[in-house]
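Enquirer: predicted model, plus sequence, below.
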Amino acid sequence: MKLRSLLVLVLVFAFSASIRAAELNIEITRGVDNPIPVAIVPFAWEGGVALEEDVAQIIASNLEQVGEFRALSRANMLSMPSEEREVHYRDWRILAQQYLVVGKISRVPGGQMVQVQWEFFDINRERKVLGEVLTGSVSQLRDIAHEISDVVYREITGRRGAFATKIMYVSAEGNIGDMTYRLHYADYDGRRAQILLESSEPIMSPAWSPDGSQIAYVSFETDLPRIYIQDLATGQRRQVSNFSGINSSPVWSPDGRKLAMVLSKDGSPDVYVLDLATDQLTQITDHPRAETEPAWTLDSQYVLFTSDRTGQPQIYQADLSGGFPERLTFDCFYCAKAQFMPDGVNMVHVRRETRQDNTYSIAVLNMETGRVITLTDTALDESPSVAPNGRMIMYGTTYNGRGVLDAVSVDGRAKFRLPSPQGDVWEPSWSPYLN
Amino acid sequence: MGMQFNSMFKTAALALTIAGLAACSSTSDTEEMPMETNDTAAADAAAAAARAEQQRLERERMERERQDQAALNTTVFYFDFDVAEFQPSDRETLIVHARNLASNPNRRVRLEGHADERGTREYNLALGERRANSIRDFLIVNGASRSQLETVSYGEEQPAVRGQTDSAYQQNRRVEIRPAG
């Protein structure tokens, strides 16, 4: 694994000042050894004044960020075709490219809409794999670029892409004692960030409903930690819980019917499940030590949680009927914040191996083989959140004393960072598929 | 402000009580004195000794009060890594807090528990609560009423100092006693 030279996107957009302040830029901190070479030629534009978005650059960045691809530098391109009849396979074979994407953007006559015609070629087989025409407004060019990226990714790897997904994360800015906390909503790569909530009190644990239409989070805005559900389209929100003590860690069940949460109303934190249709609250764990960080199995039948009932935090699993919980981790000093990958077999978690090593890493435990792969090598990694296609895990870590968001591929071979220009960011939460 | 006024009032009340006691004892002295004038010197000495004793008691009382005030001014209590029990050296200070709450039943305080940033955020929220609860339970055992105490955990969300040093972590693992709003 070699460290790649930092690639920083320097595209400039006409965002409002407040949105620009929250903007994140992608840095690729580590790539794979043998990435697939792809050439994404700048899309021709026939509309005069330069577009605000460079569609080809967005596609190239998307593919490079997941670590499996290397995009050819524009300076090295021998020709700049924008449609099939301009493509000479020899130009790309000389440069050892395996795939080629070309396209052109034109204004739809008599309106603000643009048309993006793009084509995708297999250089070795010397054939066009597919081509399509997408229409949208100029402000949707970034969405169009993500959609094209998803198609290219699927054609090459056979897997669904997650480039059109969103993330939420929390930021904190200001001096100690005078902090501003914000909940942000952005593209998966941190672009087009918007503020969903701003408060002088902490915000925690953002979570998505399985259909992506609602979010839940913990806000201390009443000076106490309380759970809220907010509708993304309308902005309407409601307080879900108001018990004494901790109200935290809301997580939707994959079937969307229930919300797992943590309440300490009876003296110590325990996991509860709220039926969203009936408002019925069921206690899942009952122990005088801390039970927290619930997560669901894919079938919505079991809840993973962290408990320190043996003295140190370990991961357990309980069924909804309240049977005796099963312990899942044994060989770590601190194992917490578990979440199943979409395959239902691999379990992501935060792991500190021994009391001495003092390093919190993101790791994956295969529940069938018992094998553990540690994916990260920084010291303060937490809050892992998995992309809906299971290929990347985003998490919070500390770099140069500041909270940043990193993403790592599930094999640990590719890594990218979304640094923020100011303040600290943490607790990324990756959306489900939204399209 | 309320607390300051309260302690000033108490000081004034105590001063009045002592003045009253002194007045009583000097009255009884003059009643027993008239016969033997040669005992005047002894009586003067006794009175001086009594005055000295009063001054000593007063000094002691003021010192106690000063210490209690210092204890009450100590409102942040620190914890060891991943430990929810407060440090034994804070016992005496917390006892003063408990007694003060017991003698001021209208006073309410909020115990805010915090963790350092290591480990997961939601587990740290639980840890902060346990720290606040350990102090709450000790205050109750030592005379405070449950209804005077509110606990809240901020986990690692509101550090007292920034940084990834042991010293920063140490200062962030804490419970703060604050007036309840």
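Expert: Structure's in. What do you need? Numbers count the residues shown, from 1 in each chain, chains lettered A, B, ... in the order given.
Enquirer: identify all contacting residues around the strand or helix carrying residue A:62.
Expert: Element membership for residue A:62 (DSSP states H and E) is helix A:55-65. Helix A:55-65 is contacted from outside by A:7, A:9, A:11, A:26, A:28, A:31, A:35, A:38, A:40-43, A:69-71, A:101, A:103, A:105, A:116, A:141-142, A:144-146, A:148-149, A:152-153, A:161, A:163, A:189, A:407, A:414, A:416, using Cβ atoms under 8 Å, 6 or more residues apart in numbering or on different chains. (C-beta placed from N, C-alpha, C; glycine too.)
Enquirer: list the beta-bridge partners for the nearest residue to residue A:133 once chain neighbours are set aside.
Expert: Nearest residue to residue A:133, sequence neighbours excluded (Cβ to Cβ, 6 or more residues apart in numbering or on different chains): residue A:117, at 4.7 Å. Beta-bridge pairing of residue A:117 under DSSP bridges involves residue A:104, residue A:133.
Enquirer: count of neighbours near residue A:117?
Expert: Counted with other Cβ atoms under 10 Å in any protein chain shown, residues neighbouring residue A:117 total 18.
Enquirer: then residue A:172?
Expert: 18.
Enquirer: check which helix or strand it maps to.
Expert: Going by DSSP H and E, residue A:172 is in strand A:166-175.
Enquirer: now for the longest helix along chain A, which elements pack on it?
Expert: Scanning chain A for the longest helix, with DSSP state H as the assignment, gives helix A:141-157. If contacts are counted by 3 or more Cβ pairs under 8 Å, 6 or more residues apart in numbering or on different chains; DSSP states H and E, helix A:141-157 sits against strand A:36-40, helix A:55-65, strand A:99-107, strand A:113-122, strand A:127-137.
Enquirer: repeat the analysis, applying 6 Å as the threshold.
Expert: Under the contact definition 3 or more Cβ pairs under 6 Å, 6 or more residues apart in numbering or on different chains; DSSP states H and E, helix A:141-157 sits against helix A:55-65, strand A:127-137.
Enquirer: show me what counts as buried in the last one.
Expert: Along strand A:127-137, the positions that meet the burial threshold by neighbour count (16 or more other Cβ atoms under 10 Å in any protein chain shown) are A:129, A:134, A:136.
Enquirer: from residue B:160, how far off is the residue of the stretch 51-200 of chain A found nearest chain B?
Expert: Chain B sits closest to residue A:176 of the stretch 51-200 of chain A, with a gap of 6.7 Å, by Cβ to the nearest Cβ. Using Cβ to Cβ, to the nearest Å, we find residue A:176 at a distance of 7 Å from residue B:160.
Enquirer: same question, residue A:108
Expert: 58 Å.
Enquirer: how about residue A:76?
Expert: Applying Cβ to Cβ, the value for residue A:76 to residue B:160 is 53 Å.
Enquirer: between those two, which one's more packed in?
Expert: More neighbours surround residue B:160 than the other of residue A:76 and residue B:160, with 17 against 9 (other Cβ under 10 Å).
Enquirer: which residues of the stretch 301-435 of chain A lie near chain B?
Expert: Proximity of the stretch 301-435 of chain A to chain B, by Cβ under 6 Å from any Cβ of the partner chain, involves residues A:306, A:313, A:336-337, A:350, A:382.
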